[in-house]
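Visitor: A predicted structure for the sequence below; I have some questions about it.
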Amino acid sequence: MLPLSWLYGLVIWIRNALYDSGIFLSTGFKIPIISVGNITVGGTGKTPHVEYLAELLLEDELNVATLSRGYKRKTRDFRVASSSSTAQEIGDEPLQMKRRFPELTVAVDRKRVNGVQNLMKLTPPLEVILLDDAYLHRSLKPGFSILLIHYNRPITKDTLLPAGRLREPAGNRYRANIILVTRSPERIKPIELREYVNRIEPSIGQHLYFTTMKYGKLFPVYPGTPAKEAAQWKETVDEILIVSGIANPRHLRSYARSICTSISELSFADHHRYRPKDIRLISERFQKLREQGKQVLVLTTEQDAMRFAAYSPDQALKENMHAIRIHVHFLNDDKEDFDRQILSYVNSNKRSSILYQGENS
């Protein structure tokens, strides 16, 4: 595969050189735009980190929007999410963000520049736009870039597709203002931390932080059904049936074991679009466990819950189907420093700032 990786790398190098030289245009906007993304194939936790930023900026009473492609949605045009939007219309991750933050403007568009142009026409005017999964989209020039790297997949030890997992050379990490090493262990020895930082070799002025994921509360997949906390399930549950369509359900399994040691699983492809036959399969597996006299918790992710919302299974499955939220947690007390950088950038560049100079650049 290495010769193919070299050919792929040549194509990427030419593309980036054309953008860097100005032959290919990169459109910028005079509004704070923060890009969050990665340069590898596979999950690095982009959506939880975008949600972290959205919550931070909303708490600062800013008018915030997110913009993404809307992966695996059935529509293709620019859309702004509403309370009645579905995963088929805007994608599961945008729907998840809209439901978690109803006051957030959530938009999708295959073409990021067109999406920003449409967002800037909205009233009241937006003060900041978060780009989800846009690090590789050179046609739009963000004001601030955040690159995510999975702790267990350091990009300096990887190679380009198809031999490796990199979609761009590791050297392109230097375009980022901040590098976040995600899904890190909760405890890292100081010497291991230094070794990891030395491998990444952040440039002068580039900040590097480590984050991990922590689980929040369980919530019913179907509104109107009784909510039960993890502690309540621990007292009554005999088995957990994990149902997920994500890239790596390993962390979900670990969480499930903290509630019950008896676990079975139905796994689907990442971003799987559930169909009636899938719902029947889940229901049949659930009923079979119940016939054995077991109290069963059907556990899924918040992302999967958005896709299940289009279906209405039997009442017993509804009542026992819960999803788990995940939250970003900064290691080494770096949260304050990270938050300060983000708020400083946004407040210095929003339209009401004396530094603001116009619409587009």
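Guide: Yep, it's here.

Visitor: Could I get the full set of strands for the stretch 151-300 of the chain?
Guide: Using DSSP state E, counting those that start in this stretch, the strands of the stretch 151-300 of the chain run over residues 178-182, 207-220, 239-244, 263-267, 296-301.

Visitor: How about the stretch 1-150 of the chain?
Guide: Using DSSP E, counting those that start in this stretch, the strands of the stretch 1-150 of the chain run over residues 27-28, 33-37, 64-68, 79-80, 105-108, 128-132, 140-141, 144-150.

Visitor: I'd like to know which of the ones you listed lies nearest to Pro169.
Guide: strand 144-150 (12.8 Å; Cβ to Cβ). (C-beta placed from N, C-alpha, C; glycine too.)

Visitor: Let me know the angle separating that closest one from strand 33-37.
Guide: With axes from the mean of the first three to the mean of the last three Cα atoms, to 10 degrees applied, the angle from strand 144-150 to strand 33-37 works out at 10 degrees.

Visitor: hang on, the earlier thing: quick one, which of the strands of the stretch 151-300 of the chain is nearest to Ile90?
Guide: Nearest of those (Cβ to Cβ): strand 296-301, 17.6 Å.

Visitor: What residues of the closest one count as buried?
Guide: Buried residues in strand 296-301, counting neighbours by 16 or more other Cβ atoms under 10 Å, are found at 296-301.

Visitor: What of stretch 217-233?
Guide: Neighbour counts over stretch 217-233 (16+ other Cβ under 10 Å) mark 218-222, 225, 228, 230, 233 as buried.

Visitor: Restricting the selection to alpha carbons, write that stretch to PDB.
Guide: Coordinates of each C-alpha in stretch 217-233 appear next as PDB, following Å, rounded to 0.1, in the frame of the first residue of the first chain:
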ATOM      1  CA  LYS A 217     -26.500  11.000  32.900                       C
ATOM      2  CA  LEU A 218     -28.600   8.300  31.400                       C
ATOM      3  CA  PHE A 219     -31.700   9.600  29.700                       C
ATOM      4  CA  PRO A 220     -34.700   7.800  28.000                       C
ATOM      5  CA  VAL A 221     -34.400   7.500  24.200                       C
ATOM      6  CA  TYR A 222     -38.100   8.100  23.900                       C
ATOM      7  CA  PRO A 223     -39.500  11.200  25.700                       C
ATOM      8  CA  GLY A 224     -42.400  10.600  28.000                       C
ATOM      9  CA  THR A 225     -41.000   7.300  29.400                       C
ATOM     10  CA  PRO A 226     -39.600   7.200  33.000                       C
ATOM     11  CA  ALA A 227     -36.000   8.200  33.500                       C
ATOM     12  CA  LYS A 228     -33.800   6.000  35.700                       C
ATOM     13  CA  GLU A 229     -30.300   6.900  36.900                       C
ATOM     14  CA  ALA A 230     -27.400   4.500  36.700                       C
ATOM     15  CA  ALA A 231     -27.600   3.800  40.400                       C
ATOM     16  CA  GLN A 232     -31.200   2.700  40.000                       C
ATOM     17  CA  TRP A 233     -30.400   0.300  37.200                       C
END
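
Visitor: shaky segments in the chain?
Guide: Counting by pLDDT under 70, the chain shows low-confidence ranges at 351-361.

Visitor: for it, longest helix please?
Guide: For the chain, the longest helix by residue count, based on DSSP state H, is helix 2-20.

Visitor: which helices and strands does that helix pack with?
Guide: Packing contacts for helix 2-20, counted by 3 or more Cβ pairs under 8 Å, 6 or more residues apart in numbering; DSSP states H and E, involve no helix or strand.

Visitor: how close does Val11 sit to Arg194?
Guide: Taking Cβ to Cβ, to the nearest Å as the measure, Val11 falls 36 Å from Arg194.

Visitor: Oh, that last question was meant for Thr123, not what I typed.
Guide: From Thr123 to Arg194 the distance is 50 Å (Cβ to Cβ).

Visitor: In terms of packing, which of these two has more residues around it?
Guide: With neighbours defined as other Cβ atoms under 10 Å, Thr123 and Arg194 compare such that Arg194 has more, 11 against 5.

Visitor: In contact with the more buried one: list those residues for me.
Guide: Counting by Cβ atoms under 8 Å, 6 or more residues apart in numbering, Arg194 touches no other residue.

Visitor: and if you look at Lys72?
Guide: 91-92, 271, 273.

Visitor: Go again with 6 Å.
Guide: Counting by Cβ atoms under 6 Å, 6 or more residues apart in numbering, Lys72 touches His271.

Visitor: residue contacts, Ile33?
Guide: 129, 142-143.

Visitor: Leu62 now?
Guide: By Cβ under 6 Å, 6+ apart, the contact list for Leu62 reads 127-128.

Visitor: Quick check: it vs Pro125, distance?
Guide: Distance, Leu62 to Pro125, using Cβ to Cβ: 11 Å.

Visitor: repeat for Pro202
Guide: Computed as Cβ to Cβ, the Pro202 to Pro125 distance reads 35 Å.

Visitor: Likewise for Leu4?
Guide: Taking Cβ to Cβ as the measure, Leu4 falls 47 Å from Pro125.
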